[in-house]
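Trainee: Just the structure for this:
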Amino acid sequence: MRILCVAEKPSQAKAVVQILGQGRAVLRNGCSVYNKNFDFQYRVSGTFVSATMTSVMGHVTKIDFPLAMRRWSSCNPATLFTAPIVQDVEEKAKDIAKNIEREARSATHLYIWTDCDREGEGIGYEIAEISKSVNARIIVKRAHFSSVLPQEIHNAMQNPRDLDMRLVNAVQARTELDLRIGSALTRFQTLRLQSRFAAVQDRVVSYGPCQFPTLGFVVDQFLRVESFVPESFWYIFLEHEKSDGKANFSWRRQRLFDQETCFALYFLCMQTPIAHVRSVRSRPKEKWRPLPLTTVELQKCCSRFLRLAPDAILSVAEGLYNQGFVSYPRTETDQFDRNMDLKDNVAKLTQYQPLSDYAQRLVDGEFRWPRQGRNNDKAHPPIHPVAPANNLTGDAKRVYEFITRRFLACCSDNAKGQATEVDVEVAGEQFHTKGLMIVARNYLDIYPYERWAESTVPVYTQGDTFEPTTLEMRSGTTTAPKLLMDSDLIDAMEKNGIGTDATHADHIKKIIEREYVFKSREGYYSPSTLGVGLVEGYDAIGLELSLTKPYLRRETERQLKRICDGLKSKEDVIRESVELYSAVYAKSVEQVERLEQALSRCLDEQPLNNGNGGWTPTSATPGGEEVCRCPTCRNGSLNLRSKASGGWMIGCSLYPQCKRAIWIPASVTSISVSSEICALCQTPSTGPVKLLEMCFRRGAAPPGLPTPYRGCVLGFGRNHHRRQRRSRFDANNNLGPSSNPLCDCNIPSARRVVAKEGANKGRPFFACTKPQVSRCDFFKWGDEQNAPNGVSGNNRMQSYRGPSPSLNNSFGSFSNEPPTSKPQCKCGLYAALKTKHSAGENQGREYYLCTREYMGCGFVCWKDEAEAYISGSMSRAAPTAATSSECYKCGVVGHWSRDCPNAEASGSNSRTSSTRSRRGRGRGRGAALARPRASGPGGGSSSNGDFADPDPDFEFWS
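Mentor: Sure thing, here's the model as predicted:
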């Protein structure tokens with residue numbers, strides 16, 4: 001048995017191994033310079049086993065979008081809400097991961113020694129996954145401890161638990177949501193605002209689900225201060241001096257904002273200036289000792305009393321924890337477990353010189369069990385000292401002393417006093433005064449951060465009367481509220497559910513780094529003009545759940561808590577949160593002008609007209625708008641984007657893993673993705689395909705193509721060839737492009753010409769333009785009497801609606817075979833029947849081809865060879881005299897060319913054998929017949945001229 005122990009930090013690993021190894025651990029270098037390995041022997045269940053302690057430095061892995069989507073211009077930010085996510089080892093942690101892999105190979109057990117909180121559980125799971133990647137049989141356990149004390153460390157080693165997958169799922173959900181939401185909104189507002197305002201052209205305008213609500217708190221308070229208007233008020237002041245003291249009485253009305261009303265009341269008092277004592281009350285009073293210390297209280301109190309930044313407070317506290325002086329400093333619990341021996345902790349503090357005398361008082365009989373708060377995270381006790389620390393200096397000494405004083409105050413009795421209250425009346429107006437005599441200070445002796453001041457009151461008896469020494473009407477003005485300090489901001493974040501006790505400091509630090517807010521020397525926070533503009537802009541959008549208010553994040557934190565409690569799944573929380581933020585994002589994009597107007601006012605700068613920068617619903621830009629799913633890899637998406645050298649292209653979002661690319665010709669001056677979906681090209685491999693809208697340079701538009709042109713990226717070439725042929729035919733017959741009748745799909749039909757040998761060869765007809773698999777049954781001869789535009793013809797057939805013919809969309813050949821006689825290509829569509837027109841021995845030969853000439857699967861096969869793999873029971877109606885049962889090699893009817901007994905004599909068997917060797921042995925209807933598009937039927941390359949493009953005069957994509 002060999003145990004591999006992994007701590008969250010090198011310092012933590014060193015502290016734990018000193019206890020477990022009892023000072024006899026052997027230091028060994030690992031793959032990482034900063035993460036050493038410590039080998040030691042440890043007794044488990046009465047048997048010594050070999051163990052190794054090593055460490056990580058926080059999270060080892062990270063999640064991100066695929067490499068092709070990490071460039072900000074690679075895609076529409078909205079797609080990041082649902083984009084694929086990849087996980088990989090952090091670049092800075094590669095040596096750490098390598099060290100874990102090396103050590104895990106020979107280990108039988110893995111003990112996770114990360115911090116016992118939600119984030120620590122997530123880090124532990126990452127360590128476990130790395131270990132299992134090289135040793136699938138390793139047994140993973142979790143050491144649970146709250147302080148680096150020998151008793152707790154040994155107990156954790158002897159009684160390990162399992163990883164809590166509920167906490168792991170919560171961490172993974174929070175990480176994914178922060179990535180998706182933060183990335184989408186950061187890219188949107190950065191790209192949009194950079195193109196509009198010179199003040200932000202060289203900076204990232206980031207969004208964080210916790211950062212923006214935190215910024216909102218600062219801006220809201222700043223606006224309250226800025227909009228504050230002082231207001232005058234008036235009140236009546238009464239003072240009475242006696243031989244045994246002086247009393248200042250407060251007016252029950254406190255103050256009035258109407259001077260005349262206050263003067264009228266004061267005038268009545270002056271008419272009869274005699275005070276009547278109505279009541280005198282004396283009662284015991286207590287000042288409650290503080291509750292046990294949580295992380296939030298630690299940050300609030302130390303920032304207020306010690307003037308330390310929240311992140312510095314946590315850093316110092318973690319150092320004290322790793323040195324074994326205090327318990328785990330990240331906790332929400334404010335109640336001690338009754339099973340804890342707190343008296344023993346107090347007794348240890350008698351060795352802490354600055355507070356030893358008071359600690360001894362508690363040991364001698366003044367100890368009281370601490371008050372019980374309402375919070376218990378069931379993971380760690382409240383923060384408290386676990387060992388005396390007499391040699392600390394600087395901030396560490398100050399923070400440790402505060403924690404110790406707070407703990408001793410919790411274990412003390414309440415302060416006790418005697419309170420006196422006196423009520424008097426003058427001309428019907430009520431006045432009162434209070435006095436306090438402290439009887440026992442108790443916890444106040446050790447906790448100087450709270451005050452309870454005495455105030456003496458002369459002796460009064462109910463029913464007494466006296467004439468006031470001073471009776472005046474005085475005035476004052478209201479004062480503006482103060483800006484927020486660290487303690488105020490943390491308090492607001494906690495009350496509104498923004499972040500956790502461990503992350504409050506990070507969010508505050510981030511908005512300072514982004515220059516959304518500034519911190520004054522006195523510790524007050526004020527927002528920058530950019531910060532004010534962002535908050536006012538999003539508030540102006542009028543979102544029910546504003547991005548700058550705490551509601552959205554509070555709901556997310558509540559859902560994460562439900563994951564931890566086992567009440568909700570990770571997938572449900574991610575889906576619901578993404579839907580919520582996506583709706584907010586869509587409205588923000590739709591009304592982004594309001595955000596720009598607010599920034600224009602705050603930055604005192606008019607928006608530039610430099611394009612959209614970001615994405616708006618009314619103007620799809622070529623910066624990465626999704627067209628459809630990539631039919632090649634089927635994981636990425638084909639996105640329209642601009643090229644650095646100018647112009648546009650369409651490429652897969654997973655580049656360089658997938659190199660599918662379509663180049664837009666230089667003759668296109670503008671192009672965008674419309675919201676209209678192509679009715680012809682949707683398949684399981686592509687999903688919905690959006691149409692492109694483009695304009696061409698004057699005189700550069702292909703013949704017969706309107707400008708602006710709206711078409712499909714998967715069918716543009718096919719549609720263009722069709723338009724070319726129809727334009728030529730219409731020009732010869734004085735027909736316009738709108739003269740074609742509507743088919744049963746309610747779209748203009750296509751004019752075709754029969755290409756097969758027979759009585760109807762060369763005869764025009766109209767048919768549905770859709771592919772074979774989705775085509776309606778519309779058919780109409782073009783030379784009939786009721787043909788459009790008065791085309792003349794005999795009256796033999798005015799309209800025929802039967803099985804739709806198979807149309808050669810590029811070459812104009814015609815066959816009326818039923819769809820079931822055709823093979824399917826890899827796209828899932830029925831292949832189109834083509835005829836070879838180029839010169840050569842195969843001229844006139846028919847073959848099947850993927851109906852998508854662009855972005856297709858490359859399927860191609862000779863018709864006569866394909867028929868050998870299709871059921872002979874299929875009906876093959878042929879309207880012409882040509883029969884496919886005639887061997888094209890020897891001309892004899894009754895066998896196929898592949899079985900030709902005269903193959904050698906014909907001299908053309910080389911092409912056939914080449915074809916068969918490429919086809920392989922498969923018998924699948926579509927897959928077995930498919931082969932690369934680069935090699936035409938017969939296996940030869942298209943460069944030999946035998947299988948050249950039949951209509952090469954225009955090629956849209958290059």
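
Trainee: use CA for all of it now, contacts and neighbours both
Mentor: Will do.

Trainee: Chain neighbours aside, what residue packs nearest to residue 18?
Mentor: Distance criterion Cα to Cα, 6 or more residues apart in numbering; nearest residue to residue 18, sequence neighbours excluded, is residue 25 at 7.4 Å.

Trainee: hang on, that neighbour packs against residue 38?
Mentor: Yes: in this structure, residue 25 is within contact of residue 38 by Cα atoms under 8 Å, at 5.8 Å.

Trainee: any residues in contact with both of the two?
Mentor: With contacts defined as Cα atoms under 8 Å, 6 or more residues apart in numbering, the residues shared by residue 25 and residue 38 are residue 17.

Trainee: higher neighbour count, the two?
Mentor: Set residue 25 next to residue 38 and count neighbours by other Cα atoms under 10 Å: residue 38 wins out with 24 against 20.

Trainee: Strand partners (parallel or antiparallel) of the one helix or strand the more buried one maps to?
Mentor: Element membership of residue 38 [criterion: DSSP states H and E] is strand 37-44. Here strand 37-44 is paired, per DSSP bridges, with strand 26-28 (antiparallel), strand 47-55 (antiparallel).

Trainee: can you tell me the average pLDDT over the longest one?
Mentor: The predicted model assigns strand 47-55 a mean pLDDT of 93.

Trainee: Give the buried residues for it.
Mentor: 51-55 (16 or more other Cα atoms under 10 Å).

Trainee: Return the member of those nearest to residue 463.
Mentor: Closest approach between these and residue 463, by Cα to Cα: residue 55, at 76.7 Å.

Trainee: contact partners of stretch 511-529?
Mentor: Residues contacting stretch 511-529 (Cα under 8 Å, 6+ apart): 204-206, 211, 215, 218-219, 222, 307, 483-486, 530-532, 602-603.

Trainee: Which ones among the residues you listed lie within helices?
Mentor: Within the contacts of stretch 511-529, residues falling in helices by DSSP state H are 211, 215, 218-219, 222, 486, 530-532, 602-603.

Trainee: how's this protein carved up into domains?
Mentor: 2-163, 172-227+483-603, 232-289+416-477, 295-412, 623-712 (automatic domain parsing).

Trainee: Indicate which one of the ones you listed is closest to residue 763.
Mentor: Short answer: domain 623-712, nearest of the domains of the chain by Cα to Cα, at 22.2 Å.

Trainee: how far does the closest one sit from the chain's center?
Mentor: Put simply, domain 623-712 sits 27 Å off its chain's centre (Cα atoms, centre = their mean, to the nearest Å).

Trainee: Give me the average confidence score over it.
Mentor: The average pLDDT for domain 623-712 rounds to 76.

Trainee: And for stretch 233-246?
Mentor: 92.

Trainee: average pLDDT across the longest helix that the chain contains?
Mentor: For the chain, the longest helix by residue count, based on DSSP H, is helix 165-194. Per-residue pLDDT over helix 165-194 has a mean of 93.

Trainee: just how off-centre is that helix within its chain?
Mentor: For helix 165-194 - counting by Cα atoms, centre = their mean - the centre lies 2 Å from the chain centre.

Trainee: Ok, stretch 53-72 next?
Mentor: Distance of stretch 53-72 from the chain centroid (Cα atoms, centre = their mean) equals 14 Å.

Trainee: picking that back up, would you reformat the domains of the chain as a markdown table and include distance to residue 781?
Mentor: Below are those laid out as a markdown table (distance: least, Cα to Cα, whole Å):
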| stretch | distance to residue 781 |
| --- | --- |
| domain 2-163 | 47 |
| domain 172-227+483-603 | 49 |
| domain 232-289+416-477 | 93 |
| domain 295-412 | 80 |
| domain 623-712 | 23 |
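
Trainee: By mean pLDDT, show me the worst of those domains.
Mentor: domain 623-712 (a mean of 76).

Trainee: Reformat the ones in helices among the contacts of stretch 511-529 as CSV; add distance to residue 447 and neighbour count.
Mentor: Compiled in CSV, the ones in helices among the contacts of stretch 511-529 are given as follows (distance: Cα to Cα, whole Å; neighbours: other Cα atoms under 10 Å):
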residue, distance to residue 447, neighbour count
211, 34, 26
215, 33, 26
218, 31, 27
219, 34, 28
222, 33, 20
486, 21, 24
530, 42, 21
531, 39, 25
532, 40, 25
602, 46, 18
603, 47, 19
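
Trainee: just to revisit the earlier point, mind checking the strands paired with strand 37-44 for the one nearest to residue 839?
Mentor: Nearest of the strands paired with strand 37-44 (Cα to Cα): strand 47-55, 73.0 Å.

Trainee: Any buried residues in the longest helix of the chain, and which?
Mentor: For helix 165-194, the neighbour count (16+ other Cα under 10 Å) marks 166-174, 176-194 as buried.

Trainee: just checking, what packs against that helix?
Mentor: Helix 165-194 is packed against helix 118-134, helix 551-564, helix 570-590, with contacts defined by 3 or more Cα pairs under 8 Å, 6 or more residues apart in numbering; DSSP states H and E.

Trainee: again, 6 Å this time
Mentor: The elements that helix 165-194 packs onto, with contact taken as 3 or more Cα pairs under 6 Å, 6 or more residues apart in numbering; DSSP states H and E, are helix 118-134, helix 551-564.

Trainee: if we look at the helix or strand following the first one, which residues are touching it?
Mentor: Along the chain past helix 118-134, the next helix or strand (assigned with DSSP H and E) turns out to be strand 139-142. Contacts made with strand 139-142 from outside it, assessed by Cα atoms under 6 Å, 6 or more residues apart in numbering, are listed as 109-112, 160-163.

Trainee: Which of those are buried, as a PyMOL select command?
Mentor: Buried residues among these (16+ other Cα under 10 Å), as a PyMOL selection:
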select buried, resi 109+110+111+112+160+163
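
Trainee: Now, the contacts of strand 139-142 that are in strands?
Mentor: 109-112 (DSSP state E).

Trainee: how about JSON lines for these, with distance to residue 246 added?
Mentor: Listed next are the ones in strands among the contacts of strand 139-142 as JSON lines, based on distance: Cα to Cα, whole Å:
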{"residue": "109", "distance to residue 246": "76"}
{"residue": "110", "distance to residue 246": "73"}
{"residue": "111", "distance to residue 246": "70"}
{"residue": "112", "distance to residue 246": "67"}
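
Trainee: Out of the residues you listed, which two are the most distant from each other?
Mentor: Spatial extent of those (Cα to Cα) is set by the pair 109 and 112 at 9.9 Å.

Trainee: mind listing what residue 769 touches?
Mentor: Residues in contact with residue 769 (Cα under 6 Å, 6+ apart) are 749-750.
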